[in-house]
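J.: Structure for the following, please:
(3 chains)
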Amino acid sequence: MSTARAAGILLAKELRLEFRTRELLTTTVIFALVVVVLFSYAFDPTAAESRRYGPGLLWIAFLFAGSLMLNPSFAREQSNDTLDALRMAPVSSFAILLGKMLANFIYMSLAEIVLVPVFAVLYNISLAGVVGRLILVLILGTLGLVITGTVFSAVSAHARMRELLLPLLLLPILAPLLIAAVEATASLLADPPELDRTWVAFLAGFDTVFLTASWLLCDYLVEE
Amino acid sequence: MKDTRSSMSGQLAGAVLVCALLFFAGYAALFIAPDERTMHEIQRIFYFHLPSWITSFSAFFVVFLANVAYIITRKPKWDWLGVAGAEVGVVCCTIGLITGPIWAHPVWGVWWTWDARLTTTFILWLLYITYLLLRGLLEDPERRASLSAIFGIFAFLDVPLVYMSNRLWRTQHPQPVIAGGQGSGLDPVMSKVLAICIFAVYGVMIILYHQRYALERLRHEYEELRFEVESRAADAASMGKGNR
Amino acid sequence: MKNFGSLFAAWMVVWAVFFVYEVSVARRVARLREEIERLKQQLREG
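T.: Take a look at the predicted model:
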């Protein structure tokens, strides 16, 4: 079975599983929402400040919510040893990893679809005219988060304290992604809005590097 | 017991050598090096600050190579090389991160600045501490070796990205330029002292690396022995049951 | 002798960090050696 087809089937399985209860999705959205609201208590944003700190806030909310949401990705497999069953199936380990990455990407994207408008409303930021480009930045940033996060979810699944370990592994690694995503978003919300090509290229580069590394190392991630 | 005693003296010899090298470097830095025009005494910290950073980065680079080698060959010695290098690298990096602000505060008036070099060093330090933490939380030795190797590879790949992203950010948000080093026109005596100190600190790092590697090899021997003892006890227990 | 205090502090830090680490490694080695001897003894007797 080709990797793409296998990944597609596994993705469908993941989604079917999640949409039965939708617990992961709802908790992610609510957590990110809480972070966004909490920031408004910590800082009292006037219009100019919102524009300046808004992007940073938004991406920190995504990173925190994401690093919590990514945990169950591989941890869920452990209770019934379903990962062993997957390994015995005629699918490549990259397909397994890819299936999970895509599933996580969809969950994060759904959360973002809810959060970005809410954020825009709460902080009085107008997204008119930049939606398309903003979506591009969101996609590239989320891909980076999801690629590294899924890999580290596999790494921490076997460790003690895995709920604490995953954010600890993930957040320092994502520092460059955070800068890039925040700067790209900020330049879109600036006056006049402009898509910063450098940062977008950087995000694409980040995603490529880590996707390639995941592909090269996938066998060791999914193994016994 | 002969084995124990000979390696004990090896250990002691290593420790003595470390002391000697540090004394030697210290003497050079504090007494042989000429006085610097603007910063005077405080500039001498540079003779330890720069070598600590170079050795730390070298150690981390070796860790990266060891991680890749482990993934490819699965030989435990690469895992030992990895964890030993990570610890030694963190030690040298810690020295760099402490001596840096001690030097910076009287000279620039600030303890810290988020420029590309400093930020990258800080994140590097955090990443390898995380590497060591991860190892502490993984119990099965083989899994510990392979999973930490994967994290180590990702961490090392991240470092140039951290540096680049910070530099890009800096070109867009220029801050007052605070030069990190004093490479500009080093007096020849200063260069020699610097070379001596680099050599000395590298020597210290290599000795510590060697000792930490030996410790890891010892731990491997311990785990194998323990396994043998436990499996013999299990055999004895099951044989006892079988005879009944 | 400007800032000699800071120079001294930095110098002490270098020593302290290397020294503490060296002691930490030496202690761990000693403890492991003990454990290994104990296990070898157990195997010899067993």
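J.: Give me the distance from stretch C:21-31 to the chain's centre.
T.: Averaging C-alpha coordinates over stretch C:21-31 and over its chain gives two centres that are 4 Å apart (C-alpha atoms, centre = their mean, to the nearest Å).
J.: no wait, stretch B:100-114
T.: Averaging C-alpha positions (C-alpha atoms, centre = their mean) puts stretch B:100-114 23 Å from its chain's average.
J.: on contacts alone, who are the packing partners of the helix or strand hosting residue A:165?
T.: Following DSSP states H and E, one finds residue A:165 within helix A:162-173. Counting by 3 or more C-beta pairs under 8 Å, 6 or more residues apart in numbering or on different chains; DSSP states H and E, the packing neighbours recorded for helix A:162-173 are helix A:47-69, helix A:131-156, helix B:116-137, helix B:141-172. Every C-beta, even on glycine, is put in place using the N, C-alpha and C of the backbone.
J.: Remind me what the helix or strand just after that helix packs against, helices and strands.
T.: Scanning forward in sequence from helix A:162-173 by DSSP H and E, the next helix or strand is helix A:175-189. Judged by 3+ C-beta pairs under 8 Å, 6+ apart, the packing partners of helix A:175-189 are helix A:47-69, helix A:131-156, helix A:197-222, helix B:141-172.
J.: what helix or strand is the most centrally placed residue in chain B on?
T.: The structure's chain B has its C-alpha centroid closest to residue B:89; by C-alpha atoms, centre = their mean the separation is 0.8 Å. Of the helices and strands defined by DSSP H and E, residue B:89 is found in helix B:76-108.
J.: tilt between that helix and helix B:116-137?
T.: Relative orientation of helix B:76-108 with respect to helix B:116-137: 140 degrees, computed using axes from the mean of the first three to the mean of the last three C-alpha atoms, to 10 degrees.
J.: Tell me how far helix B:76-108 lies from the chain's centre.
T.: Distance of helix B:76-108 from the chain centroid (C-alpha atoms, centre = their mean) equals 5 Å.
J.: Tell me if it is near chain C.
T.: Yes: between helix B:76-108 and chain C, judged by C-beta under 8 Å from any C-beta of the partner chain, the touching residues are B:87-88, B:91, B:94-95, B:98-99, B:102-103, B:105-106.
J.: Let me see the confidence value for the residue nearest to residue C:13 when sequence neighbours are not counted.
T.: Residue nearest to residue C:13 in three dimensions, not counting chain neighbours: residue B:98, with 5.0 Å by C-beta to C-beta, 6 or more residues apart in numbering or on different chains. Looking at residue B:98, its pLDDT reads 93.
J.: likewise residue B:86?
T.: Predicted confidence (pLDDT) for residue B:86: 96.
J.: For ChimeraX, write the select line for the buried members of the residues of helix B:76-108 next to chain C.
T.: One line in ChimeraX is enough to select the buried ones among the residues of helix B:76-108 next to chain C; burial here means 16 or more other C-beta atoms under 10 Å in any protein chain shown:
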select /B:87,88,91,94,95,98,99,102,103,106
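J.: near chain B, which residues of chain C?
T.: If contacts are counted using C-beta under 8 Å from any C-beta, the residues of chain C sitting beside chain B are C:1-4, C:6-7, C:9-11, C:13-15, C:17-18, C:21-22, C:25-26, C:28-29, C:32-33, C:35-37, C:39-40, C:42-43, C:46.
J.: What is the one helix or strand residue C:23 maps to packed up against?
T.: Using DSSP H and E, residue C:23 maps to helix C:4-45. Helix C:4-45 sits against helix B:2-27, helix B:46-73, helix B:76-108, helix B:188-243, with contacts defined as 3+ C-beta pairs under 8 Å, 6+ apart.
J.: quick check, distance from the longest one to the centre of its chain.
T.: If I follow you right, that is helix B:188-243. Going by C-alpha atoms, centre = their mean, the spacing between the C-alpha centre of helix B:188-243 and its chain's C-alpha centre is 15 Å.
J.: tell me the contacts of the closest residue in space to residue A:220 that isn't next to it in sequence?
T.: The shortest distance from residue A:220 to any residue that is not its chain neighbour, by C-beta to C-beta, 6+ apart, is 5.0 Å, and that residue is residue B:146. With C-beta atoms under 8 Å, 6 or more residues apart in numbering or on different chains as the criterion, the residues that contact residue B:146 are A:220, A:223, B:70-71, B:74.
J.: nearest to chain C, of those?
T.: Of all the contacts of residue B:146, chain C sits closest to residue B:70, with 21.5 Å by C-beta to the nearest C-beta.
J.: and residue A:11, how far is that from chain B?
T.: 23 Å (C-beta to the nearest C-beta, to the nearest Å).
J.: how many other residues sit next to that residue?
T.: Residue neighbour count, defined by other C-beta atoms under 10 Å in any protein chain shown, stands at 19 for residue A:11.
J.: thought it was touching residue A:107?
T.: No: here residue A:11 lies out of contact with residue A:107, judged by C-beta atoms under 8 Å, at a distance of 11.4 Å.
J.: before we move on, the earlier item: and the helix holding residue A:165, what's buried?
T.: Result for helix A:162-173 [16+ other C-beta under 10 Å]: buried residues A:162, A:165-173.
J.: Make CSV out of the residues you listed and add pLDDT.
T.: Shown next, in CSV, are these (pLDDT from 0 to 100):
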residue, pLDDT
A:162, 83
A:165, 90
A:166, 92
A:167, 91
A:168, 92
A:169, 93
A:170, 94
A:171, 93
A:172, 94
A:173, 96
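J.: So for chain C, the centremost residue is which one?
T.: The structure's chain C has its C-alpha centroid closest to residue C:23; by C-alpha atoms, centre = their mean the separation is 1.7 Å.
J.: What sits closest to residue B:48 if chain neighbours are left out?
T.: Residue B:48's closest residue in space is residue C:14 (C-beta to C-beta, 6+ apart), at 5.1 Å.
J.: Same question for residue A:154.
T.: Counting by C-beta to C-beta, 6+ apart, the nearest residue to residue A:154 once its immediate chain neighbours are dropped is residue A:221, at 4.4 Å.
J.: repeat for residue B:116
T.: In this structure, residue B:116 finds its nearest non-sequential neighbour in residue B:166, 3.8 Å apart by C-beta to C-beta, 6+ apart.
J.: give the contact list for the one you found.
T.: So, once contact is read as C-beta under 8 Å, 6+ apart, residue B:166 ends up touching A:176, A:179, B:114-116, B:119-120.
J.: Name the member of those with the most neighbours.
T.: When these are compared by neighbour count (other C-beta under 10 Å), residue A:176 ends up highest, at 27 neighbours.
J.: got the contact list for the nearest residue to that one once chain neighbours are set aside?
T.: With C-beta to C-beta, 6+ apart as the measure, residue B:165 is the residue that lies nearest to residue A:176, at 3.7 Å, once sequence neighbours are left out. Contacts of residue B:165 were listed using C-beta under 8 Å, 6+ apart, and they are A:175-176, A:179-180, A:202.
J.: cool, residue B:154 as well?
T.: When the contact criterion is C-beta under 8 Å, 6+ apart, the partners of residue B:154 are A:148, A:151-152, A:173, A:210, A:213.
J.: Name the nearest of these relative to residue B:41.
T.: residue A:173 (39.4 Å; C-beta to C-beta).
J.: Now do the lowest-mean-pLDDT helix or strand in chain B: which elements does it pack against?
T.: The element with the least model confidence among the helices and strands of chain B, by mean pLDDT, DSSP states H and E, is helix B:2-27, at a mean of 77. Under the contact criterion of 3+ C-beta pairs under 8 Å, 6+ apart, helix B:2-27 touches helix B:188-243, helix C:4-45.
J.: Let's have those helices in JSON lines, adding mean pLDDT.
T.: JSON lines is the format used below for the helices and strands packed on helix B:2-27 (pLDDT from 0 to 100):
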{"stretch": "helix B:188-243", "mean pLDDT": "88"}
{"stretch": "helix C:4-45", "mean pLDDT": "90"}
